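Trainee: this is a predicted model, with the sequence first.
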Protein chains: 6
Amino acid sequence: MTRIWVINPNTTGAMTDTIAHCAGAVAGSGVAITGITSEIGPESIESHYDEALSVPGVLRAVRRGEREGVDGYVIACFGDPGLDAAREVAAGPVIGIAEAAMQTASHLGSGFSIVTTLARTIGQSARLAERYGMQRFCRGIHACEIPVLDLDSDPNARKVVTEACRDALEADGSDVVVLGCAGMADMCAEISAELGVPVIDGVTAATLTVQSLVTMGLRTSKLGEYATPPKKRYRTGDPPAG
Amino acid sequence: MTRIWVINPNTTGAMTDTIAHCAGAVAGSGVAITGITSEIGPESIESHYDEALSVPGVLRAVRRGEREGVDGYVIACFGDPGLDAAREVAAGPVIGIAEAAMQTASHLGSGFSIVTTLARTIGQSARLAERYGMQRFCRGIHACEIPVLDLDSDPNARKVVTEACRDALEADGSDVVVLGCAGMADMCAEISAELGVPVIDGVTAATLTVQSLVTMGLRTSKLGEYATPPKKRYRTGDPPAG
Amino acid sequence: MTRIWVINPNTTGAMTDTIAHCAGAVAGSGVAITGITSEIGPESIESHYDEALSVPGVLRAVRRGEREGVDGYVIACFGDPGLDAAREVAAGPVIGIAEAAMQTASHLGSGFSIVTTLARTIGQSARLAERYGMQRFCRGIHACEIPVLDLDSDPNARKVVTEACRDALEADGSDVVVLGCAGMADMCAEISAELGVPVIDGVTAATLTVQSLVTMGLRTSKLGEYATPPKKRYRTGDPPAG
Amino acid sequence: MTRIWVINPNTTGAMTDTIAHCAGAVAGSGVAITGITSEIGPESIESHYDEALSVPGVLRAVRRGEREGVDGYVIACFGDPGLDAAREVAAGPVIGIAEAAMQTASHLGSGFSIVTTLARTIGQSARLAERYGMQRFCRGIHACEIPVLDLDSDPNARKVVTEACRDALEADGSDVVVLGCAGMADMCAEISAELGVPVIDGVTAATLTVQSLVTMGLRTSKLGEYATPPKKRYRTGDPPAG
Amino acid sequence: MTRIWVINPNTTGAMTDTIAHCAGAVAGSGVAITGITSEIGPESIESHYDEALSVPGVLRAVRRGEREGVDGYVIACFGDPGLDAAREVAAGPVIGIAEAAMQTASHLGSGFSIVTTLARTIGQSARLAERYGMQRFCRGIHACEIPVLDLDSDPNARKVVTEACRDALEADGSDVVVLGCAGMADMCAEISAELGVPVIDGVTAATLTVQSLVTMGLRTSKLGEYATPPKKRYRTGDPPAG
Amino acid sequence: MTRIWVINPNTTGAMTDTIAHCAGAVAGSGVAITGITSEIGPESIESHYDEALSVPGVLRAVRRGEREGVDGYVIACFGDPGLDAAREVAAGPVIGIAEAAMQTASHLGSGFSIVTTLARTIGQSARLAERYGMQRFCRGIHACEIPVLDLDSDPNARKVVTEACRDALEADGSDVVVLGCAGMADMCAEISAELGVPVIDGVTAATLTVQSLVTMGLRTSKLGEYATPPKKRYRTGDPPAG
């Protein structure tokens, strides 16, 4: 049995449930998906500050997973917080949902648009696109200005996101949409059906990427940058609050 | 049952067998892998000329697959011949092995080296790396100067390829290796075991990428560049021989 | 006497006549221009599929030219189909019209716009601009949505193309126009006169580039990527029809 | 009186003393420099993991500085940990030492080499060079393989670093050196004197950059990406230990 | 006493006065700022032609400064004319105002817009942004179409520039403005106050950059490209007039 | 009769003779080539300083050519000094030899090496390669360390340059050579014969590029950046001497 942990880097359990449900729906037979809610950090991630403070929680989850023999990890926030550090710590593969979503989109069309939550996160998505080599496929990043935690509660959320996707396709001349927040995972199929183009959810894309890597027996290289980090003395203490 | 065709763009059936075997070994339950040998074109692909003349055979295979309701395709030659055209013609996803191998490698280390057959193909691999946004991860492309069809017959082939991989890691300061020929697919596990780093075979990587896309219900976008090509009158005739 | 073949990669002879006429009008004394219509492939090239199936015909023409001692070749379709393979096969220089048109435009202004036929070909033009290093001069690519074979028959074609050029200059803030189809070659002078900016036709630009290379005694290097391709066994057969 | 805090992101007070001394030596009249040792996190930063866990301490320091009315901040670790988040939180300017060192080097020659501590951090420096637009000036990044905390205690450290700088200039054909660790700040003048080229220490460079920004009355823009982060509920808890 | 010359590359003394005043207002204690009006060349710089003919005057000023023991130089025209040559000739640092302004802007936001005088100079600013690695921060370059010498005399100039800045922020989604002409130096504070974002004047930014370099004891490297130029025989004569 | 001026930007008449001879040898019937020696500036160009002071002489020559109705210009120094300004001033096309040589090389192989005179000019060649989009073809720039004026007088010069070319091909894995100095124009054929690869001389390449542009009736666009420069008052005076 392959065990994959899908880590929600924020502390909102309801969002973990949605994410784990989406991941579980695509996992192959013989693959067990577990949703993990971060134990420390912000309730949602909408700034560099939030993201920075979510990373210790992600790493604590990965440390725990390693003790329990987990085979691979998904980091289920579109900023891919803590990805590099998690790769140092984990033996198996670690994939971020932005990374997986963008690469998946690159297989399906000539260019994609990202539709995300708040405009202030556009810069981070753009830098991730560059980081992953996906800048040449990413034709635009657009905000729907719905806060992360309202995606679930706002009855108009799906409609607003759908219209933002439609506008993005038109404005960018793109032919694929990437949803830029794990909280949009369960909207994916309906938006795709409505717009008639591939719409990518990073949670499922990353889950299947991890599953594929485990199937191929591939793990993060420990030869270079992602070698196990050297032992250190750490001084603990509370991070700053919000 | 999901049906994936793994198309060998050259006309050498023995190579198709190896490829199909590797693909089948990683495919999930409920996925049927079929190896398809191209019916027209060169016996192996080692030049732009070979590659150009292999494309009609790839497209003929995809056309046939469409009539038979195939769910997705792998193009199993590291030049990814005919990929764009195949995407126009197929309803389901089409993935090249260079594309899949490089993206897979980008998940596992800070930079990869490609080890390929003849030096004259290095330029094509470099352009594909750029095309897929993988240039920033690709630290070097190296030839072992073994012709494609000798990979199987030459008793020293695996050893030569292994040493080329070892040298490449050192010369490039990379931490992952990508094997640059479908004919190397069955060497992958042994080389990885010997070198202690991830070694990527594009055939298995592409097969699992197609499988994942089909699982997610994702197909090539028909909105833009990859829309079904317009009907045309074609004049047929023999291509130039080698 | 220098002999240059201007190869029309589609099978429409009337288009070859136009192209050869434009090429002949600029060729120097002592240079014989011959228009060659491809013997196999599509009647016009408006998709990756068309382009892929046009390449064997281009290569057959070059093979024939080599037997006849031709000094250099122009590939007269804006996708530059088969350029790399033709360079392997030919002794003398081979130039694509997209390549020549973009480089010519780069000498004459700070940035150019391309006006092409169908929007679905924009991606290919963009990749060629990148391939040739011309991305930094290319400020936009615009479609007039006139099919290739209608450029000649549609009485409004020149007007529509002219207005597309005018709009492109304005939208892109560019100061030069590149016509993105060999079928527009004979519109070039009139559009330039009307708009008051340089308008580049790739057929004449490529013809003079080949002529200049022959004058300087320069041929494709056979040291590396463009060395004569290795001999192979080829299996012939009909390519898929449209 | 302008107040600038030079934050040492690791928890080693002796290193803060060195840093603060170097910063103080260049500060203008009317500028008070205070060295701040991070209260939480690792004793030195030599991996992505260390860096990730140093960020909460950096942000806690900036939060405290804001309450005390500090005018600007230097983040004195060559990974520039927490820079984006600190810019959201601080009113005045925040500068990383990698950022300042590389930009300073770009004014003084045609290309620089970075000499850093452990090879495993080279990837991070390369990404920062890209992030700051300095990739075109950065001709190589070299490790001297001295751990951060040994820079001070190892009697051969300065000699080893000097030789690494000399080798880097030769290997890269560069004409300026950037020291890639705050712990090398006090070696700068001597190495420069020995090698006869500019050698840049980021601590002094960043301190003077902050001082200049404050003099010009310039602060981080709050219009876009660096606006004050939205209020959130945070769950606190111990990060994972080393 | 540190002596910095702020060289106005055009021959209009009134503009030198404005520039020197702005530079002097930010210089530290112990730093003497001298404004230098070029003795040969055009009255203002609004074309490549003007810029080319301003360079000999800049170099004559630097030659004179070297004889007088000047510590560093600012070239106070947004085209940074003669920067490379001046670096060869001067012992101390030489900084252009475009270089300094763009790098300063990169510290303060996620992206900046440049507002310059005439549209015909946009290309040059774009190339400088690339040259300095600032292309990734520069989101747009906009002309207010006020000639350089009218910036001072036109009573509406500041208002027009302010509105151009406001429009640029909106159009580009940027959060910082760079003023693209030394003649705008004295408008900087007011525009910033009105728009509520950082507005950068290159004259003050470059002056403080030179001051910082001198404080750190840093000079242009003489190891490579900026070594003292070899002695030559020169034929003198009048340049072409305007 | 088409009249092309080949301007030698240095003041050494013997070098002009060589250049004009090479240009004349390739010009078509009906094309008159005139070599023009710059009347002001340095005897040879081997630094940014030399180059800057050569530009007024180039522009004076172009101004004179315009009065005499010249059809097009070649700037025959590998730094392409004054190219942008000359394009503003001239009605017909202006081509630099670096520009023409690099673009010509890009047609003939997969990558070229530049062999130039002094190492201190490598940076300038690299920036021109970038400027013209040729960076992707340029695999290395190498100095033979022969001063420009010794190319003619040193009896070993051709041998030294030939060996530098041979080494460059090997070191860079390139298949074409570009000679990086107008003073090497007459060595081109012999080196090519000896090395068996295309060797490009920019003087002939640029001359034929200008001739081709004139044949096509193409001139520099006056719509944007290269519009005629605005009239100005100029203060004349001697530039600084060497």
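Mentor: Yes, it's here.
Trainee: measure stretch A:101-117 end to end?
Mentor: 16 Å (Cα to Cα, to the nearest Å).
Trainee: does that stretch reach chain D?
Mentor: No - Stretch A:101-117 is not in contact with chain D by Cβ under 8 Å from any Cβ of the partner chain; minimum separation 11.1 Å. Quick note: C-beta positions are derived from backbone N, CA and C, even for glycine.
Trainee: helix/strand/coil for the closest residue in space to residue A:1 that isn't next to it in sequence?
Mentor: Residue nearest to residue A:1 in three dimensions, not counting chain neighbours: residue A:32, with 5.6 Å by Cβ to Cβ, 6 or more residues apart in numbering or on different chains. Three-state call for residue A:32 (DSSP: H, G, I helix; E, B strand; the rest coil): strand.
Trainee: distance of residue A:32 relative to chain C?
Mentor: Counting by Cβ to the nearest Cβ, to the nearest Å, the gap from residue A:32 to chain C is 41 Å.
Trainee: what do you get for residue A:150?
Mentor: 37 Å.
Trainee: just residue A:222 next, same as before
Mentor: 35 Å.
Trainee: give the contact list for the closest residue to that residue other than its chain neighbours.
Mentor: For residue A:222, ignoring the flanking residues on the chain, the nearest one in space by Cβ to Cβ, 6+ apart is residue A:228 at 6.6 Å. By Cβ atoms under 8 Å, 6 or more residues apart in numbering or on different chains, the contact set of residue A:228 is A:88, A:89, A:222.
Trainee: so for the second one, what's the pLDDT?
Mentor: Looking back up the chat, that one is residue A:89. With respect to pLDDT, residue A:89 scores 97.
Trainee: that one contacts residue D:49, doesn't it?
Mentor: Yes - assessed by Cβ atoms under 8 Å, residue A:89 is found in contact with residue D:49 at 6.1 Å.
Trainee: what do these two both touch?
Mentor: A:59, A:229.
Trainee: more crowded one of those two?
Mentor: residue D:49 (27 against 24; other Cβ atoms under 10 Å in any protein chain shown).
Trainee: three-state assignment of the more buried one?
Mentor: Residue D:49 - assigned by three-state DSSP - is helix.
Trainee: excluding its backbone neighbours, what's nearest it?
Mentor: residue A:229 (4.0 Å).
Trainee: what does residue A:24 give?
Mentor: Of all residues not flanking residue A:24 in the chain, residue A:33 sits nearest, at 4.4 Å (Cβ to Cβ, 6+ apart).
Trainee: list the residues that contact the one you found.
Mentor: Taking Cβ under 8 Å, 6+ apart, one finds A:4, A:6, A:20, A:23, A:24, A:27, A:207 in contact with residue A:33.
Trainee: looking at those residues, state which has the most neighbours.
Mentor: Busiest of these [other Cβ under 10 Å] is residue A:207, holding 33 neighbours.
Trainee: got any ranges where chain A has weak pLDDT?
Mentor: Flagging of chain A using pLDDT under 70 yields the residue ranges A:241-242.
Trainee: distance check, the residue of it found nearest chain E against residue A:84.
Mentor: Going by Cβ to the nearest Cβ, chain E is nearest to residue A:123 of chain A, at 4.6 Å. Distance, residue A:123 to residue A:84, using Cβ to Cβ, to the nearest Å: 18 Å.
Trainee: give me the element residue A:103 is part of.
Mentor: Using DSSP states H and E, residue A:103 sits within helix A:97-106.
Trainee: for that helix, packing partners?
Mentor: Here helix A:97-106 touches strand A:72-75, strand A:112-116, helix A:122-131, strand A:176-179, strand A:199-201, helix A:202-215, helix B:97-106, going by 3 or more Cβ pairs under 8 Å, 6 or more residues apart in numbering or on different chains; DSSP states H and E.
Trainee: and the closest residue to chain F within chain A, how many neighbours does it have?
Mentor: Here chain A gets closest to chain F at one residue, residue A:136, 14.2 Å apart by Cβ to the nearest Cβ. By other Cβ under 10 Å, the residues close to residue A:136 number 18.
Trainee: list the contacts of residue A:110.
Mentor: Contacts of residue A:110 by Cβ under 8 Å, 6+ apart are A:137, A:174, A:175, B:221, B:224, B:225, B:226, C:123.
Trainee: columns neighbour count and secondary structure on top of those residues, output as CSV?
Mentor: Putting the contacts of residue A:110 into CSV (neighbours: other Cβ atoms under 10 Å in any protein chain shown; DSSP: H, G, I helix; E, B strand; the rest coil) gives the following:
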residue, neighbour count, secondary structure
A:137, 23, coil
A:174, 26, coil
A:175, 25, coil
B:221, 25, coil
B:224, 19, coil
B:225, 24, coil
B:226, 26, coil
C:123, 20, helix
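Trainee: coming back round to it: rebuild the contacts of residue A:228 as a markdown table, extending it with secondary structure.
Mentor: Converted to a markdown table, these look like this (three-state DSSP):
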| residue | secondary structure |
| --- | --- |
| A:88 | helix |
| A:89 | helix |
| A:222 | coil |
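Trainee: the nearest residue to residue A:121 once chain neighbours are set aside: which element?
Mentor: The shortest distance from residue A:121 to any non-neighbouring residue, by Cβ to Cβ, 6+ apart, is to residue A:46 (6.5 Å). Here residue A:46 sits in a region with no helix or strand, counting by DSSP H and E.
Trainee: how many neighbours does residue A:46 have?
Mentor: 22.
Trainee: which residues touch it?
Mentor: With Cβ under 8 Å, 6+ apart, residue A:46 has these contacts: A:117, A:118, A:120, A:121, A:147, A:148, D:229, D:230, D:232.
Trainee: again, but for residue A:91
Mentor: Taking Cβ under 8 Å, 6+ apart, one finds A:66, A:219, A:220 in contact with residue A:91.
Trainee: near chain B too, which of those?
Mentor: Near chain B, judged by Cβ under 8 Å from any Cβ, the entries from the contacts of residue A:91 are A:219, A:220.
Trainee: quick check: ChimeraX command selecting the buried ones in the contacts of residue A:91.
Mentor: Selecting only the buried members of the contacts of residue A:91 in ChimeraX, with burial defined as 16 or more other Cβ atoms under 10 Å in any protein chain shown, works like this:
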select /A:219,220
